[in-house]
Every structure is written in C-alpha cells, then in structure tokens.
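Participant: sequence first, predicted coordinates after that:
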Amino acid sequence: VTLLEQNPRWRLVPRGQAVNLRCILKNSQYPWMSWYQQDLQKQLQWLFTLRSPGDKEVKSLPGADYLATRVTDTELRLQVANMSQGRTLYCTCSGGLGGGDTQYFGPGTRLLVL
Amino acid sequence: QQKVQQSPESLSVPEGGMASLNCTSSDRNFQYFWWYRQHSGEGPKALMSIFSDGDKKEGRFTAHLNKASLHVSLHIRDSQPSDSALYFCAASEQGNSNNRIFFGDGTQLVVKP
C-alpha cells in the first residue's frame, strides 16, 4: 500500500535555479511528515518534520538551501535552492512523535545539477 | 563524528547463505533501532524495528540488540538474490521531539546465485 506520492520523480536543475517538490500523504493515520536527503554517497540525513498546515522551516546544508512548508494535512512541499551537488529528497510519514515511530519513505525525487 | 557506524561496508554471500550485518552507536540516548533496506532506484523501506535487548525474529531475518554495548546486528538466513540491496541501521532518541532518525552509512549486500 502506497503511503506517499512524490513529484516530480526526477528533475534536471540548472545551477542557480530553484526547484519545488511536492509530497502527498495517502493515509491520514501517519500525519507526521518529514523530509530526508540522500547524497551521492548514499548517506541519509534528516532535514525537517512538519505537522500542521502553515508550518514552515528553512535550513542551509552543504550543497543546497531548503524551505519546507506543510501546506495542508496531506501535502508537504520543499523548495531546493542553490544546489551545487545532486541528491535525492525523500518525504516520510509516521504515526506519532516521540522516538519509537517508524518512518515510512516515499519513492523520492532525484535532483541532478546541470 | 557519525553517530551510527555500520560494518562491513559491503558483503557478498552465496544464495542460501547467512548474511550478518553490524551496527554500533556512539550516543547512549539512542533507545530505538531499525534496519532499513533500499533497493536500487527505490526509497528505503523499514525492515525491522528493535527496541528491547535480545533477539527479534521475523521470517528469515533476526535482529539482535545489546543496549549496554550500543550494538545492533541483523542476520539474514537462507539469503536470496532479491535480498541484494543497501541496508541501513537507524537509531533515534527517547523523547525525540522532531522524528529525527540517524542513519549509518549502509552495508551493500550482494547475494550471488
């Protein structure tokens, strides 16, 4: 059963250009939504967790700047800017908050730098 | 310093053999552990969770946790070619306020027919 949809699935990004990603939650039993990045060396790193519509957070990491927004109870967005190295962004969902909740990953959006 | 370390980096086993993957953490606040599996071109999928000391068995997969030594292992018996994938150990803290899970660098498993 698919819990998350992500689009686009991949994108070529000209250097200096921003790109917007979407994640749609298909099961409301897992309302805690997060973004993780996976770099070219396959390392996975947590970026954000957003629960409520209207929540926004920004973060700068080596190789990219991020702005995450929880748009609705079912939609999470991520804007990626100033990307210098390719990466894959995964949306995740979980049933709760507190440590022992399994994160379920979406299929990912692969970003390549032109 | 990486909070979760995995070994080996890569592992090759024959079909039907036993694969053993290891993981240690450097943070005593970690209370919850998972093994994730990622096939090429897909997102990671949670394979098993283990939160208590001892063994947890699910089919051909057995996880072992020793909180005192902060060591987790995964054993796959009767390995199949479809088990070939990148395996991640993951951990999180009790009272985690942001659902942040820390991942190791992964073990690439190849099961040869």
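Facilitator: Nice, thanks for sending it over.

Participant: sec struct for the residue nearest the centre of chain A, please.
Facilitator: Centroid check for chain A by CA atoms, centre = their mean gives A:Trp35 as the closest residue, at 3.3 Å. Of the three states, A:Trp35 takes strand according to DSSP: H, G, I helix; E, B strand; the rest coil.

Participant: that one bridge partners, please.
Facilitator: Under the criterion DSSP bridges, A:Trp35 forms beta bridges with A:Phe48, A:Cys91.

Participant: quick one: contacts for it?
Facilitator: Residues near A:Trp35 by CB atoms under 8 Å, 6 or more residues apart in numbering or on different chains: A:Cys23, A:Trp46, A:Leu47, A:Phe48, A:Tyr66, A:Ala68, A:Leu76, A:Leu78, A:Leu89, A:Tyr90, A:Cys91, A:Thr92. Quick note: C-beta positions are derived from backbone N, CA and C, even for glycine.

Participant: can you list the residues you listed in TSV and add neighbour count and distance to B:Trp35?
Facilitator: Shown next, in TSV, are the contacts of A:Trp35 (neighbours: other CB atoms under 10 Å in any protein chain shown; distance: CB to CB, whole Å):
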residue	neighbour count	distance to B:Trp35
A:Cys23	26	24
A:Trp46	18	17
A:Leu47	18	22
A:Phe48	23	24
A:Tyr66	21	27
A:Ala68	24	27
A:Leu76	28	25
A:Leu78	22	26
A:Leu89	22	22
A:Tyr90	23	17
A:Cys91	28	21
A:Thr92	25	16
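
Participant: A:Trp10: which of those is nearest?
Facilitator: Checking the contacts of A:Trp35 against A:Trp10 with CB to CB, the nearest one is A:Leu89 at 10.6 Å.

Participant: which elements pack onto the strand or helix carrying the closest one?
Facilitator: Element membership of A:Leu89, judged by DSSP states H and E, is strand A:87-94. With contacts taken as 3 or more CB pairs under 8 Å, 6 or more residues apart in numbering or on different chains; DSSP states H and E, strand A:87-94 sits against strand A:4-7, strand A:19-25, strand A:32-39, strand A:75-81, strand A:104-105, strand A:109-113.
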